[in-house]
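Undergrad: Following is a predicted model, sequence given first.
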Amino acid sequence: MIVTVSRKGYFSAAHKLYNNCWSYEKNIEIFGKCAHFNYHGHNYEYIASITGKIDPETGFVFNLQKLKSILYDEIEKFFDHKNMNLDIEEFSSKNPTIENIVIFMWNKINKRISSNLDLKITLYETKNNFAEYDGK
Ligand code: NI
């Protein structure tokens, strides 16, 4: 039987969405408040979901204590209280949109779990706006 287990996490980080090839006016038109020149913050929430077979020895698909520690190392410690554009190399020339952030998070976490498990990350930037990525 295949089961999905999930853990929620949180981090607060600053960003700016901007395309240097465009005028300031066009950036505001496309990115709205997220183009604000001096950056702004979001309280991000995410869900890491792991799908796989239950290990008959433990009854677990994945040990959630272990997932907690992976998420702390790879996500909280890495993103919390950072300015994504300035502090995270991945986003020095790529906009830290939820689409790009969720893929980056997936790659960091997926490296830490076994290849016979499927990982999906859901990332919320606001209560209503979120992105999902499962490696496809
Ligand atoms: Ni924003």
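TA: Perfect, thanks for sending it.
Undergrad: list the contacts for residue 27?
TA: By Cβ atoms under 8 Å, 6 or more residues apart in numbering, the contact list for residue 27 reads 17, 18, 19, 35. Every residue, glycine included, has its C-beta placed from N, CA and C.
Undergrad: does it count as helix, strand or coil?
TA: helix (DSSP: H, G, I helix; E, B strand; the rest coil).
Undergrad: shift numbering so it begins at 43
TA: Noted, 43 is the first residue going forward, which turns the last one into residue 69.
Undergrad: From the contacts of residue 69, list the buried ones, please.
TA: 59, 60, 77 (16 or more other Cβ atoms under 10 Å).
Undergrad: So which other helices or strands are in contact with the helix ranked longest in the chain?
TA: The longest helix of the chain (DSSP state H) is helix 140-152. Judged by 3 or more Cβ pairs under 8 Å, 6 or more residues apart in numbering; DSSP states H and E, the packing partners of helix 140-152 are strand 82-95, strand 160-166, strand 172-175.
Undergrad: For the shortest one, buried residues please.
TA: Buried residues in strand 172-175, counting neighbours by 16+ other Cβ under 10 Å, are found at 172, 173, 175.
Undergrad: Which pLDDT value goes with the last one?
TA: We note a pLDDT of 98 for residue 175 in this prediction.
Undergrad: Would you mind measuring from the spatially closest residue to it that is not a sequence neighbour to residue 60?
TA: Of all residues not flanking residue 175 in the chain, residue 144 sits nearest, at 4.4 Å (Cβ to Cβ, 6 or more residues apart in numbering). According to Cβ to Cβ, to the nearest Å, residue 144 and residue 60 sit 19 Å apart.
Undergrad: try residue 75
TA: 12 Å.
Undergrad: Name whatever forms a beta bridge with residue 87.
TA: residue 52, residue 166 (DSSP bridges).
Undergrad: Residue 50 is in contact with that one, correct?
TA: Yes - at 6.6 Å, residue 87 counts as touching residue 50 under the criterion of Cβ atoms under 8 Å.
Undergrad: These two: which has the busier surroundings?
TA: Counted by other Cβ atoms under 10 Å, residue 87 and residue 50 do not tie: residue 87 has more neighbours, with 16 against 11.
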